[in-house]
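# next one to model:
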Amino acid sequence: MDPIRNPFSPGAGTPPPELAGRDDLRESLRIALERARIGRPAKSAMLVGLRGVGKTVLLDRIRMDAEAAGIHTVRIEAPEGRSLPALLAPQLRQALLRLSQIAAAKDYAVRGLRALAGFVGKLKVTFGDIEVGIDYEPEPGLADNGDLEHDLQALFEQVGLAAKSASTALAIFVDELQYVEEAQLAALITAMHRTEQRQLPVVLVGAGLPQLRGQMGNAKSYAERLFDFPMIGPLPPAAARLAIEKPIENEGVAITERAVSQILQVTQGYAYFLQQWGSHTWQAAHASPIDIDAVNAASVTAVAALDESFFRVRFDRLTPKEKRYLRAMAELGEGPHRSGDIANCFSAPVSSLAPTRSSLITKGMIWSPNHGDTAFTVPMFNEFMKRIMPGDDWR
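This next block holds a predicted model:
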């Protein structure tokens, strides 16, 4: 098969050739954004799910849908070690500058830029990583108390008033939201609560690992009433099949039923793995139709590619004790597992492993589906741990 024509695109947030199985969620968020634009109540949403289910791709597609409809958007990613104000401030500045070009919104947008100047000036002492250009002098008393929760409310109000006067909405897209510290997350939730109370057209669409829902509930008890939390999981069989078959057929190539079924079985419907196996199967195939021999050959190279990139990049961030903890989980199977069962693999008390477990949750490697349970956030990571740490030496 011509490698140049390979339709599949495994990558970090790389759009797939066929975004299958997500139309209902895209439509529900389109409705929410349009409701916000006309001043109707609209719930913000947090897309939660494991690694590799396509949250980032979906977040970006929803943003593209919004921009195509004339809604203003900003997009940030919340990596570990960066403050939320440092991430938000430059993007809100850009949004306000765009809104200031609209005659009906100019005065509100300029006041928003003054609020931003006060916000940055006072909070720079607390959050030293804030770097943003200042276009107007601050207005005394506007978003300049030096308290993040209070000032972010005031800033979001001004942004919302500018968007409302422009007859549009502002959609804020935040990826990897689970890395935002609790106090900053609380401030963000409070600011969104205030815009909802004032019926201002600001919508937050976030994405994060499954623990995000609990983190937001801990930050503010009313978070679960303020946001929807759609769970993004593996694609159902029909959608997973479409994600493989349609890109291949669009290239004028066929694939056998056995080959497709094998891909669905080994990938378990996870969006990223579908792209990996689709890409490697294309490379392994010699002619149309693509058969199961090509899939079997692709499985060897796809697993090797995952081990060296998708899995290894996460493994290399771990301490030796964290690696042993995950290896113990892998010994027990896919999970979830009780903390006591994991501790038994170490012959150690549960309490002695609590800091390790907590650190792994903070790093986004594991999460707790239920009290006392622990599960991987990365599908198939249990199999990788057995490959990378074989035998019993890890004990």
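# the helices in the stretch 1-150 of the chain, which residues?
If DSSP state H, counting those that start in this stretch is used as the criterion, the helices of the stretch 1-150 of the chain fall at 23-37, 55-68, 84-100, 106-123, 148-165.
# columns distance to residue 324 and mean neighbour count on top of those helices, output as CSV?
For the C-beta atoms, the positions are set from N, CA and C on the backbone; glycine is no exception. Shown next, in CSV, are the helices of the stretch 1-150 of the chain (distance: least, C-beta to C-beta, whole Å; neighbours: other C-beta atoms under 10 Å):
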stretch, distance to residue 324, mean neighbour count
helix 23-37, 38, 17
helix 55-68, 29, 19
helix 84-100, 33, 21
helix 106-123, 41, 22
helix 148-165, 38, 23
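# closest one to residue 263 among the ones you listed?
Using C-beta to C-beta as the measure, helix 55-68 is the one of those that comes nearest residue 263, at 18.6 Å.
# still on that earlier bit, using CSV, lay out the helices of the stretch 1-150 of the chain together with mean pLDDT and distance to residue 285.
Below are those laid out as CSV (pLDDT from 0 to 100; distance: least, C-beta to C-beta, whole Å):
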stretch, mean pLDDT, distance to residue 285
helix 23-37, 96, 29
helix 55-68, 96, 25
helix 84-100, 96, 43
helix 106-123, 96, 54
helix 148-165, 97, 50
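# reformat those helices into JSON lines and put distance to residue 199 next to each item.
Rendered in JSON lines, the data for these read as follows (distance: least, C-beta to C-beta, whole Å):
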{"stretch": "helix 23-37", "distance to residue 199": "9"}
{"stretch": "helix 55-68", "distance to residue 199": "19"}
{"stretch": "helix 84-100", "distance to residue 199": "18"}
{"stretch": "helix 106-123", "distance to residue 199": "15"}
{"stretch": "helix 148-165", "distance to residue 199": "9"}
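# nearest to residue 308, of the ones you listed?
Across the helices of the stretch 1-150 of the chain, residue 308 has its closest neighbour in helix 55-68 (20.6 Å, C-beta to C-beta).
# give me the residues contacting the closest one.
12-16, 19, 22, 25-26, 29-30, 33, 47-49, 73, 75, 171, 173, 175, 205, 207-208, 232, 271 (C-beta atoms under 8 Å, 6 or more residues apart in numbering).
# separate out the buried members of those.
For the contacts of helix 55-68, burial is judged from neighbour counts taken by 16 or more other C-beta atoms under 10 Å, and it is met by 15-16, 19, 22, 25, 29-30, 33, 47-49, 73, 171, 173, 175, 205, 207-208, 232, 271.
# residue 370: what's it in contact with?
Residues in contact with residue 370, defined by C-beta under 8 Å, 6+ apart, are residue 336.
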